[in-house]
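A.B. asks: Just a sequence and a predicted model for now, questions to come.
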Amino acid sequence: MFSDHNKSKEVKENMKRFSWMLGLLFVVIMMAPAMAAPLFGDVPEQHWARDAVMDLAQKGILEGYPDGTFKGDRAATRWEMAMVAQRLLAKSEQMWATFATKADLEALRNLVNALRDELDALGVRVKNLEEKTAELDRRVTELERITFFGDIVSKIVVNSIGTGASSVSNPIWAGQVGNAFTATNGSFPFPGIGRVAGVSAWFPGTYDLTTGRPLINGTGFSTVLNLGIKIKVSSEVDAGAKISAYTSTGDVLTDAFWGVNAPYLSNPFTMSNLGGANGSNNAPWTRATLDKFWIHYKPSNLKLVVGSIEMSNFDKMVLVGPVNPNIDGGYLPFYGFKVTGQTHLISDLQYEVMHSKLPTDYTTSLPWLFGMNFDWKITDRGNFKINFFKANEEPVTYGIRPPTGIERNPGSWINWTQTGAVLPITIANINAAPTAVGNIGPQAVSIIGASFNYKFAGDLWRVALEGAGSTYTPNINSSYTVSGSVFRFGIGYTNSPGTLDLDLNYISVSPFYDPFILPYPGYLTTGVALQTWPNWNTYHGYYQLHDTDKYPNNRQGMKFDAEYRFSGGDGKIFLNYRGYSQVSNSYGQQFGGVGNQPGFIDPVFPVTVGFPVAENKNGTVSGITFGVGYKFSPSPLRADIKYDAYNYGRTSNFNIAANNINLTYTGLKVGLAYPFNDKFAVRAGYDTATISGSFQSNLTNISSTMTAPYVGFDYDISKNTKWSFDVRSFGMADSGNRLLGPDSFGGMQLTSQLKVSF
């Protein structure tokens, strides 16, 4: 039996839990039949607890005094607390199916034990209560073994883009990928864009220059539903599964680039055929799939995931997966299986093993990868990681390869057709080394890398060292291979208040590093793709498997990043600088006097056949990003400004115009946000981007400027329901000397998204 002192102490310790439980019980039993509601005249109308008091009184948990008052300012006696505890326990037993958690039940049990004497005096047998709470405990435990989660996101996008000098719905560049790339006029492609037979490629005007995504006329309406279940199999084992359903009832390209981000097995950028699933005629299309399931053994932290794999622990110089062309950005998931865990042989050593399929447009190949990494936490200040993966293309039918030509690997063979030779599709001399007339694919690559990160005492200074090497085979049946490497050394500093971060890195990436390139599904027929502005580091409609933004192929040089935070975190200033040059100039990598060697990757600086040997100038890339963000306290208004300026340049030793490149990208984003309260906020901003300069002889005097002002709002309708709405106006002004003349247009985009979580 408790002493009076111990009882008082125990009651005080449970008062906070008890007060919280009263509020919880209101939620739990709010759907129960209501009794006559007593009116407590002394509870103020505007008091923060009035609704809770009245609702608990309706449920029979609280009773007022005989004079009809509640006397909320008077301290409750232990007898009154005992009466409340008795009613609370009875009501909890009645409504056990919706009781919250075991923690709530434990709080009730502690309160009952603390008031044991008073409950006995009231004639309530504590032993019976203990038996009832034990029964409730068992029931709650069973309920908590299975829990559900999920969300549903619906998005409407309306693009109404006017036409200019060229048709927006049928731009000249629509067929640039997948054709015979024999340029009869000696023209050269825009960075990362293939060449149409007999036609000079030109800069596509129907893109949003601020995001790099195509602007397609049409209305999109897409929805994704995720429903998951978590199961506590035992105290040591957890399991779960997630089912995803996706529907598209609008224009397929509008939904793909601007709609909701679809799950892997329904995603247009990972499926085998974009157009085959849903044409551009707004035909409804729905697919439900088992997105993934998992099982987790907690003692060894061993976890198996089968299906969609969103995250991995690989270094980004080795493996990140395809860039997501959808407006949500990021990377597309892998799809296969992944095993993660910790070893007992070496302490603090984590491992990951995965196998995944890879997206491709080719119906004649099944690309896949297998990889693993080991992450060793050496001390609390550092870690050492080893990464490895191998990717292959397997023919669906023996003896039939994927299509050959520039579309097989634009980085390796982008210049092989300049003399008029057309790469054959038929198999010929499959065991020979690749030549200018074929023997390309199916391809394979293996990459192994390691990284070391360490923070010195005081956490002020840090260092990073990374390196990886790749071995690439253009044809897995050929003995011809090419090797490349990547290297990074970085040093960083954070001041003691934690307001300033500085990072300086040296990066070198071989032009032959990771030349394994695959086309996104659907691009050979749709002719549109994500443009990675301002960093032109990939080819139009293709993806590589490492982070080409941080580790661009055929680049070496310095990058510097700084961020300063002030006004208690309300403000920040950041600066990023990139200064790169080509590791190897394009002319020096000619293969057989025809074009670049197989495995040579450089989306920006092509080689021109026929230049003198001394024409060995390296191209350069310089870029700067500057930004400011500030919250105007005590006002809730926040402003953000970001400015980008990138230049790509190369001059000719012999003043040959066809080899000169001077291309500049500038972008400005200004945004304002004003939250009226914690549920409703408005947004407004102004985005603009300009591409100007020249890119070889047929693309002189490029000058395209896009403006995109916008307004929108975010509204939390309820705790689990969020609505966002945006209206954006696009305007393209072009004054350059295009092949087909200027291309200016304007239009509107309306976006509305509703998300419900449960």
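C.D. replies: Perfect, I can see it now.
A.B. asks: Let me know the pLDDT of Val140.
C.D. replies: pLDDT recorded at Val140 is 66.
A.B. asks: Then the one 5 residues further on?
C.D. replies: At Arg145 the predicted local confidence, pLDDT, stands at 84.
A.B. asks: Quickly note the distance from the nearest residue to it once chain neighbours are set aside to His296.
C.D. replies: Spatial nearest neighbour of Arg145, chain neighbours left out: Lys232 (4.5 Å); criterion: CB to CB, 6 or more residues apart in numbering. (Glycine included, C-beta is placed from N, CA and C.) In this view, Lys232 and His296 are 10 Å apart by CB to CB, to the nearest Å.
A.B. asks: More neighbours: those two, which one.
C.D. replies: Between Lys232 and His296, counted using other CB atoms under 10 Å, the more crowded position is His296 (19 against 16).
A.B. asks: Need the residues touching each of Lys232 and His296.
C.D. replies: Overlap of the contact sets of Lys232 and His296 (by CB atoms under 8 Å, 6 or more residues apart in numbering) consists of Asp238.
A.B. asks: helix or strand right after the helix or strand where Thr147 lies?
C.D. replies: Secondary structure assigned from DSSP states H and E places Thr147 in strand 146-161. Sequence order places strand 207-208 as the next helix or strand after strand 146-161, per DSSP H and E.
A.B. asks: Contacts for that next one, please.
C.D. replies: If you take CB under 8 Å, 6+ apart as the criterion, strand 207-208 is touched by 213-215, 531, 706, 708, 730.
A.B. asks: Now with 6 Å, please.
C.D. replies: Residues outside strand 207-208 that contact it (CB atoms under 6 Å, 6 or more residues apart in numbering): 214-215.
A.B. asks: what's the answer for stretch 228-241, then?
C.D. replies: 145-150, 242, 293-299.
A.B. asks: contacting residues around Arg578?
C.D. replies: The contact partners of Arg578, by CB under 6 Å, 6+ apart, come to 559, 623.
A.B. asks: and it, what pLDDT?
C.D. replies: 96.
A.B. asks: Please save the CA atoms from the helix or strand harbouring it in CSV.
C.D. replies: Taking DSSP H and E as the criterion, Arg578 maps to strand 571-581. What follows is strand 571-581, C-alpha atoms only, in CSV (Å, rounded to 0.1, in the frame of the first residue of the first chain):
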residue,chain,number,x,y,z
GLY,A,571,18.0,34.1,-43.5
LYS,A,572,20.6,32.4,-45.7
ILE,A,573,23.0,33.2,-48.5
PHE,A,574,24.6,30.5,-50.7
LEU,A,575,27.1,30.4,-53.5
ASN,A,576,28.1,27.6,-55.8
TYR,A,577,30.9,27.8,-58.4
ARG,A,578,31.9,25.2,-61.1
GLY,A,579,35.0,25.6,-63.2
TYR,A,580,35.7,22.6,-65.5
SER,A,581,37.5,21.8,-68.7
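A.B. asks: can you pull the buried residues of it?
C.D. replies: Buried residues in strand 571-581, counted by 16 or more other CB atoms under 10 Å: 571-574, 576, 578, 580-581.
A.B. asks: One more: stretch 557-565?
C.D. replies: 557, 559, 561, 563, 565.
A.B. asks: What mean pLDDT does stretch 634-654 get?
C.D. replies: pLDDT averaged over stretch 634-654 gives 90.
A.B. asks: Give me the contacts around that stretch.
C.D. replies: 534, 604-605, 614-615, 617, 619-631, 659-675.
A.B. asks: What's opposite Ile448 in the beta bridge?
C.D. replies: Beta-bridge partners recorded for Ile448 (DSSP bridges): Phe388, Gly469.
A.B. asks: Look at it and say how many residues are nearby.
C.D. replies: Using other CB under 10 Å, Ile448 has 15 other residues around it.
A.B. asks: and Pro474, how far is that from Asn383?
C.D. replies: From Pro474 to Asn383 the distance is 36 Å (CB to CB).
A.B. asks: Packing partners of the strand holding Thr147?
C.D. replies: Identification of packing neighbours for strand 146-161 by 3 or more CB pairs under 6 Å, 6 or more residues apart in numbering; DSSP states H and E yields strand 218-232, helix 252-258, strand 745-757.
A.B. asks: quick one: buried residues of the last one?
C.D. replies: Buried positions in strand 745-757, judged by neighbour count with 16+ other CB under 10 Å: 745-747, 749, 751-756.
A.B. asks: average model confidence for that strand?
C.D. replies: Throughout strand 745-757, pLDDT has a mean value of 93.
A.B. asks: Restricting to C-alpha, output that strand in CSV.
C.D. replies: Output in CSV follows, covering the C-alpha atoms of strand 745-757 (Å, rounded to 0.1, in the frame of the first residue of the first chain):
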residue,chain,number,x,y,z
PHE,A,745,5.0,31.7,-78.2
GLY,A,746,3.0,32.1,-75.1
GLY,A,747,0.5,30.2,-73.0
MET,A,748,-0.8,29.3,-69.6
GLN,A,749,-0.5,26.3,-67.3
LEU,A,750,-2.9,25.5,-64.5
THR,A,751,-2.1,22.9,-61.9
SER,A,752,-4.3,21.6,-59.0
GLN,A,753,-3.3,18.8,-56.7
LEU,A,754,-5.1,17.2,-53.8
LYS,A,755,-3.4,14.8,-51.4
VAL,A,756,-5.1,12.7,-48.6
SER,A,757,-3.0,10.7,-46.2
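A.B. asks: Which helix or strand lies directly C-terminal to the strand or helix carrying Ser485?
C.D. replies: Assigned by DSSP H and E, Ser485 belongs to strand 482-494. Per DSSP H and E, strand 482-494 leads on to strand 500-509 as the next helix or strand towards the C-terminus.
A.B. asks: Within the sheet, what are the partner strands of that next one, with directions?
C.D. replies: Assessed with DSSP bridges, strand 500-509 is paired to strand 482-494 (antiparallel), strand 555-566 (antiparallel).
A.B. asks: For those strands, give me CSV that also has distance to Lys357 and mean pLDDT.
C.D. replies: Formatted as CSV, those follow (distance: least, CB to CB, whole Å; pLDDT from 0 to 100):
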stretch, distance to Lys357, mean pLDDT
strand 482-494, 25, 96
strand 555-566, 30, 97
